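> The following comprises the amino acid sequence and a computationally predicted model.
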Amino acid sequence: MKYTKSIICIILVSLSIQCLANEYLNIKHKVTENQEIELLKNEFEKIIQFHINKGELHQRAEKDVRSFVNYLLDQTEYTQKRLAEIIEKFNYETIKPDEEYNVWPEIEFWRGVDDFGSAVALNYDGDVDVIDGEESVVIGRCDNYEIPSDSDRLKASKERKSIKIDLTKYPISLLGYYEYKFNETALFYSWIGYLWQEIEGHKCGIKVKTIQNNSIATYSLNDYLDGDFSAFVESDYGDKPPRLSSFFPRKLSLIELYIRASQTGYPFNPFKSYWRYFERGDEFMEIVTYEFSTGIRSGKKTNRNLEEINQEIKHENSGSALKHITAFTNQMIFDGWEEKLRPIDMPERMHKNAFAFDIWTGVNWSKEQTNMLPEERVVKLEQQLEIKLPKSFFHYLRLLNGRQYNSYNMFFPIDNWYTVQVKKFFNIEELENKAKVSLPKNSNHLWVGELINEKNLGLIIDEKSDDYGKVVIADNGNIEICDYSFERFARYSQGSPKQPEIFAAEENDADFLRKRIKEGWDYNISYSYQNAVTQAAENNSHEALEVLLEAGARLRHNKHRDMPYTYDKRTMEILDKYQKDE
């Protein structure tokens, strides 16, 4: 009996020690997890602050980005666990080729459009097999979604409205530009790429990527690049391909992954200087592309604002230039450099004539990239007309020659409030012909295009004028000099601008709406499927709503009492008063 009791005691002590050991390991694991989350939070915060400091995130956009970051952080532990489970099942040892075509599979994570929930699939060169019974590796934003109560929906709407946009930094005419500025998908790619590194996903030995449903938007988890630039795009046929290993000699930071994920072939603007910045010790080096040329700046970090561009290379098109940048950035990492967010106090332009014209295009839009004029042709125009074009317009004409191949983003700001929609820009022949007729009558203005409402768009070309280079609009002989120069006008082109009347309705600016109605503004006009009275009602902007209803505006329906999740009590009362007989 004594022997038996001693054995039991030993077992109990052993179990106790094991429990303590397990508890210690769990605590250690939890601490590691918490450290990892904190590290991710800090890196995300640096990215957010970078875009805020560049003036690319207004206050509401910042809130949306932070909400998305929290969505990613909330499921970091889950996704990391699921990724590890996937490569245990699907890897170099377990895969088999398709019997009919002898093509080897790749792992794909199929994500939803704007949802990011990602299913597990094997792709046999286009023949996709979504794996039944496998849980998502990323939980979608709409998964397990519960419809909030009416009061919660109203509360959320009021909380969003309470966040005021600083209109001194983000004028109303530019709000539409900034709302589509931030690349949320690049954040997702960098996050999943970071977790892939943490589980040493390269050990699965095969090609792995994410893909957006019903699109060609892919991102390689082998070299952390958009599909247009990844070295792991082609499918493998025939004999079993060599086992893949880690592409880089070290793990990349979340920031490095984010910058790599931000390089995309569509949309890509070749007429805005695109920089990639690296540091090693006390040195810096960066590469830039504008039009189809790339150049290098390098030296000591203490002199990084002073160094000149060198090693300039002219490429066939922007796609070739970006592929050159991809090879360059890869080699920099191999050589021990670290990619970083570019300091915002550094030069913005590749060279003095590299104006930042915003245009919606892509690396494969060949007509847009072969439409350029020789610089001598534009100089000849100046000489023939005996004028000096504002530099920004000189290069806009040279690069785009009327934009006849591109009708995207044709709304342009003329001041801090309003945009105009351009119907067409004149190409150089049209410009020359019209100028020969108009310049003898008025040598101050050059007409460069037409607006959608048949008004003429022009520039002040009198170099002695304080308004030289500003945009002008002509309507039946009346000429309006706008606040913005052509450089600012062309920099902020948009597809869906925010109209000030809509903004005023949302923000409950009743005084502005009274002023506009008095000026003859049509309160029933719609802008991109929005009108002021609907927006005032949906935002529970009581004073603005009453001003519009008093003027004669009406909702298109009389069902506001059926929508308690949208309209608060006061809005209901106002609508009852004006719409009861409609």
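In hand now; what should we look at?

> pretty sure residue 313 is touching residue 323, no?
No. When contacts are counted by CB atoms under 8 Å, residue 313 is not listed as touching residue 323 (11.9 Å). The way it works is simple: take the backbone N, C-alpha and C, and place the C-beta from them, glycine included.

> quick one: contacts for residue 339?
Applying CB atoms under 8 Å, 6 or more residues apart in numbering to residue 339 gives the contacts 252, 255-256, 259-260, 276-278, 329, 332-333.

> and of the residues you listed, the nearest to residue 106?
residue 260 (19.5 Å; CB to CB).

> can you pull the contacts of that closest one?
190, 224-225, 252, 329, 339.

> hmm, 10 Å instead?
By CB atoms under 10 Å, 6 or more residues apart in numbering, the contact set of residue 260 is 186, 189-190, 193, 219-220, 223-226, 229, 252, 276, 326, 329-330, 333, 339.

> Return the subset of those residues lying in strands.
Mapping the contacts of residue 260 onto strands (DSSP state E) picks out 219-220, 276, 339.

> List of residues touching stretch 573-582?
Stretch 573-582 is contacted from outside by 533, 536-537, 540, 542-543, 545-546, 548-550, 552-561, 563, 567, using CB under 10 Å, 6+ apart.

> Please tell me which one of the ones in strands among the contacts of residue 260 counts the most neighbours.
residue 219 (26 neighbours; other CB atoms under 10 Å).

> Return the set of residues that bridge with it.
Judged by DSSP bridges, the bridge partners of residue 219 are residue 210, residue 226.

> that older thread, could you pick out the buried ones from the contacts of stretch 573-582?
For the contacts of stretch 573-582, a burial check counting by 16 or more other CB atoms under 10 Å picks out 533, 536-537, 540, 542, 545-546, 548-549, 553-555, 560, 567.

> Where does confidence bottom out across those?
Within the buried ones among the contacts of stretch 573-582, residue 560 has the lowest pLDDT, namely 85.

> could you measure that one against residue 406, distance?
The gap separating residue 560 from residue 406 is 42 Å, by CB to CB, to the nearest Å.

> pLDDT weak spots in the protein?
The model of the chain has pLDDT under 70 over residues 1-33, 581-582.

> From the centroid of it, which residue is nearest?
By CA atoms, centre = their mean, the chain has its centre lying nearest to residue 183, at 2.9 Å.

> Test my guess that it contacts residue 217.
No. With contact taken as CB atoms under 10 Å, residue 183 and residue 217 are classed as non-touching, separated by 11.8 Å.

> and for the two, which residues touch both?
Contact criterion CB under 10 Å, 6+ apart; residues shared by residue 183 and residue 217: residue 264.

> On the three-state scheme, residue 242 is what?
Following DSSP: H, G, I helix; E, B strand; the rest coil, residue 242 is assigned to coil.

> oh, I was asking about residue 450
Classification of residue 450 using three-state DSSP returns strand.

> Write down the beta-bridge partners of it, one by one.
Per DSSP bridges, the residues bridged to residue 450 are residue 424, residue 456.

> was I right about it contacting residue 425?
Yes. Applying CB under 10 Å, one finds residue 450 in contact with residue 425, separated by 8.5 Å.

> Just the element for residue 110, please.
Using DSSP states H and E, residue 110 sits in strand 106-111.

> mind giving me the domain ranges of this protein?
As recorded under automatic domain parsing, the domains making up the chain are 40-237, 266-370, 371-491, 500-579.

> export those to CSV and tack on distance to residue 245?
Output for the domains of the chain, formatted as CSV (distance: least, CB to CB, whole Å):
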stretch, distance to residue 245
domain 40-237, 6
domain 266-370, 14
domain 371-491, 42
domain 500-579, 50
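
> Now do the strands in the stretch 1-150 of the chain.
Ranges of strands in the stretch 1-150 of the chain, per DSSP state E, counting those that start in this stretch, are 103-104, 106-111, 118-124, 127-130.

> ok, now the stretch 351-500 of the chain?
Listed in chain order, the strands found in the stretch 351-500 of the chain under DSSP E, counting those that start in this stretch are 411-413, 419-425, 445-451, 456-460, 470-475, 478-485.

> and residue 499, which of those strands is closest to it?
Evaluated over the strands of the stretch 351-500 of the chain, closeness to residue 499 peaks at strand 419-425, with 7.8 Å, by CB to CB.

> name the helices or strands packed onto that closest one?
Here strand 419-425 touches helix 391-400, strand 411-413, strand 445-451, strand 456-460, helix 486-491, going by 3 or more CB pairs under 10 Å, 6 or more residues apart in numbering; DSSP states H and E.

> ok, 6 Å please
Counting contacts by 3 or more CB pairs under 6 Å, 6 or more residues apart in numbering; DSSP states H and E, strand 419-425 packs against strand 411-413, strand 445-451.

> mind listing what the strand holding residue 110 pairs with, with the direction of each?
Using DSSP bridges, the strands paired with strand 106-111 are strand 118-124 (antiparallel), strand 208-212 (parallel).

> how about the ones you listed, which one is nearest residue 520?
Using CB to CB, the nearest of the strands paired with strand 106-111 to residue 520 is strand 208-212, at 46.0 Å.

> Dump that closest one to PDB, restricted to CA.
Taking Å, rounded to 0.1, in the frame of the first residue of the first chain, the C-alpha atoms of strand 208-212 are listed here in PDB:
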ATOM      1  CA  VAL A 208      -0.200  30.800 -53.100                       C
ATOM      2  CA  LYS A 209      -2.200  33.900 -53.800                       C
ATOM      3  CA  THR A 210      -5.400  35.700 -52.900                       C
ATOM      4  CA  ILE A 211      -7.900  36.600 -55.600                       C
ATOM      5  CA  GLN A 212     -11.000  38.800 -55.600                       C
END
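
> list the buried ones in it?
Neighbour-count burial for strand 208-212 flags 208-212 (criterion: 16+ other CB under 10 Å).

> okay, the residues you listed in CSV with distance to residue 399 next?
Output for these, formatted as CSV (distance: CB to CB, whole Å):
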residue, distance to residue 399
208, 39
209, 34
210, 34
211, 33
212, 31
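
> rewinding a little: the contacts of residue 339 in helices, which ones?
Using DSSP state H, the members of these that fall in helices are 255-256, 259-260, 329, 332-333.

> Mind picking the two most distant members of those?
Within the ones in helices among the contacts of residue 339, two members stand farthest from each other by CB to CB: 255 and 332, at 14.4 Å.

> related to what we said a few turns ago, adding mean neighbour count and distance to residue 363, write the strands of the stretch 351-500 of the chain out as CSV.
Formatted as CSV, the strands of the stretch 351-500 of the chain follow (neighbours: other CB atoms under 10 Å; distance: least, CB to CB, whole Å):
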stretch, mean neighbour count, distance to residue 363
strand 411-413, 25, 24
strand 419-425, 19, 23
strand 445-451, 20, 27
strand 456-460, 22, 29
strand 470-475, 19, 30
strand 478-485, 16, 29
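
> Relative to residue 528, which of those is closest?
Here strand 411-413 is closest among the strands of the stretch 351-500 of the chain (CB to CB), at 9.6 Å.

> Which neighbouring elements make contact with the closest one?
Strand 411-413 sits against strand 419-425, with contacts defined as 3+ CB pairs under 6 Å, 6+ apart.

> roughly how far is the strand it packs on from the heart of the chain?
When distances are taken as CA atoms, centre = their mean, to the nearest Å, strand 419-425 is centred 24 Å away from the chain's centroid.

> for the closest residue in space to residue 485 that isn't next to it in sequence, what are its contacts?
What sits nearest to residue 485 in space, not counting adjacent residues and going by CB to CB, 6 or more residues apart in numbering, is residue 469, at 4.6 Å. Counting by CB atoms under 6 Å, 6 or more residues apart in numbering, residue 469 touches 390, 485-486.

> from those, which is closest to residue 417?
Ranked by distance to residue 417 (CB to CB), those are led by residue 485 at 16.3 Å.

> That closest one and residue 465, how far apart?
According to CB to CB, residue 485 stands 12 Å off from residue 465.
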